[in-house]
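Peer 1: Here's a sequence, model it:
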Amino acid sequence: MFSGIIEEVGRIRRIISSGGVSVCDITGDKVFEDLKEGDSISVNGVCLTVEKTKDNVFTVSLSRQTLKETNFSDARAGDYVNLERAMRLGERIGGHMLTGHIDFKTPLQYLHREKDSAILRFYIPEKFQKYVVCRGSIGIDGISFTVAEVNGREIKIFVIPYTMEHTNIKHRRPGDIVNIELDIMAKYVENMNKNP
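Peer 2: Modelled structure (predicted):
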């Protein structure tokens, strides 16, 4: 599980196809304080398994499904990615609970910078509308955000200066594809109501 509070922005060093999967090397700094093989790590909101670590580079494998359903399908060497290690029990949760299982990917329809902050807008598929509410939580590329406005299928997000500075949002442009994870609590509530 993750909190959606990004620890640092890393970079993709390389992605190569190997035996039905893609192998991705990612550079970082802070996450290496205690990162080891077998650990789970959130990369742009996707929960991945660390397979190797060496000299501030860790390696993960991307399945065909991960490539199809996340923005790793468009990832290239040099891209900036949000990194967060799995939470430890007993720590504060600054954002909200994220599983690292992406619900869908979508292009940023609108990204307007205002000095050190920004406004984002994007659309969600109709079948997911029921899980999003104004002032609710949503994960975008692994970042915990509060939904500012919901207008049909259009979602509006305000990005504060701290988040702009400490995530890959500062490198994003309109049209870029982002990973979206919806609030898992809403899904559990729906399931419980279906199966009382």
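
Peer 1: Against which helices or strands is the helix ranked longest in the chain packed?
Peer 2: When the chain is parsed with DSSP state H, its longest helix is helix 184-194. Judged by 3 or more CB pairs under 8 Å, 6 or more residues apart in numbering; DSSP states H and E, helix 184-194 is in contact with no other helix or strand. Yep, even glycine has a C-beta here, placed from its N, CA and C like the rest.

Peer 1: Domain-wise, how is the protein divided?
Peer 2: 8-85, 104-194 (automatic domain parsing).

Peer 1: which one of those domains lies closest to F2?
Peer 2: Between F2 and these, the shortest gap by CB to CB is with domain 8-85, which sits at 4.6 Å.

Peer 1: Could you check the chain and say which of its helices or strands has the lowest average pLDDT?
Peer 2: Using mean pLDDT, DSSP states H and E, the weakest-scoring helix or strand in the chain turns out to be helix 184-194, at a mean of 79.

Peer 1: gap between the closest residue to N168 other than its chain neighbours and G152?
Peer 2: Nearest residue to N168, sequence neighbours excluded (CB to CB, 6 or more residues apart in numbering): Y80, at 4.2 Å. Remark: distance between Y80 and G152 (CB to CB, to the nearest Å) = 31 Å.
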